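**Student:** quick check, what structure comes out for this input:
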Amino acid sequence: MIVLITGASGFVGQHLVRRLLAQNCEIVAMDFAPNPALLAEFAGRITFVQADITDGAGVRELIQKYHPTYIAHLAFLLPPETENNPERAIQVNVQGLVNVFEAGRGNQVKRVICTSSMSAYRVCRVCR
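**Tutor:** Numbers count the residues shown, from 1 in each chain. Coordinates of the predicted model:
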């Protein structure tokens, strides 16, 4: 089974990579801003691709090249970046999600799994 993890060098992504490797999954780890420590720790055990989730054609090409069974979509911008650059946040968080869904749908990906982040709890606190 091949799993594409977008945002793989983030906090949740790193833990997911470890967990899936322990279950003998083949990992394609995608990130816009790779974490060098992650690359060193998993050198030779994962395929790492530096790519931009906002590039729809690039996301489709990546999925067509590696044929993942599943996609774990974790590539999102968080505060304070979202507050400092809301237009970029919409590109990454909204259009990036659409790009992943569309590319997965057109390439026989069994399931796209999306997560939230700790930021959801911060927003909830603000709303109270």
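**Student:** and for Ala8, the neighbour number?
**Tutor:** If you count neighbours by other Cβ atoms under 10 Å, Ala8 ends up with 28. For the C-beta atoms, the positions are set from N, CA and C on the backbone; glycine is no exception.
**Student:** show me the strands in this structure, by range?
**Tutor:** In the chain, the segments counted as strands under DSSP state E are 2-6, 26-31, 47-50, 70-73, 111-114.
**Student:** against Ala72, how distant is Val17?
**Tutor:** 9 Å (Cβ to Cβ, to the nearest Å).
**Student:** which residues are common contacts for the two?
**Tutor:** Contact criterion Cβ atoms under 8 Å, 6 or more residues apart in numbering; residues shared by Val17 and Ala72: Ile5.
**Student:** among the strands of the chain, which is nearest Leu39?
**Tutor:** The minimum distance between Leu39 and the strands of the chain falls on strand 47-50, with 5.9 Å, by Cβ to Cβ.
**Student:** quick one: buried residues of the closest one?
**Tutor:** Buried residues in strand 47-50, counted by 16 or more other Cβ atoms under 10 Å: 48-49.
**Student:** dump the strands of the chain into TSV; add mean pLDDT and distance to Asn99 as well.
**Tutor:** Shown next, in TSV, are the strands of the chain (pLDDT from 0 to 100; distance: least, Cβ to Cβ, whole Å):
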stretch	mean pLDDT	distance to Asn99
strand 2-6	97	10
strand 26-31	96	12
strand 47-50	94	14
strand 70-73	97	10
strand 111-114	94	11
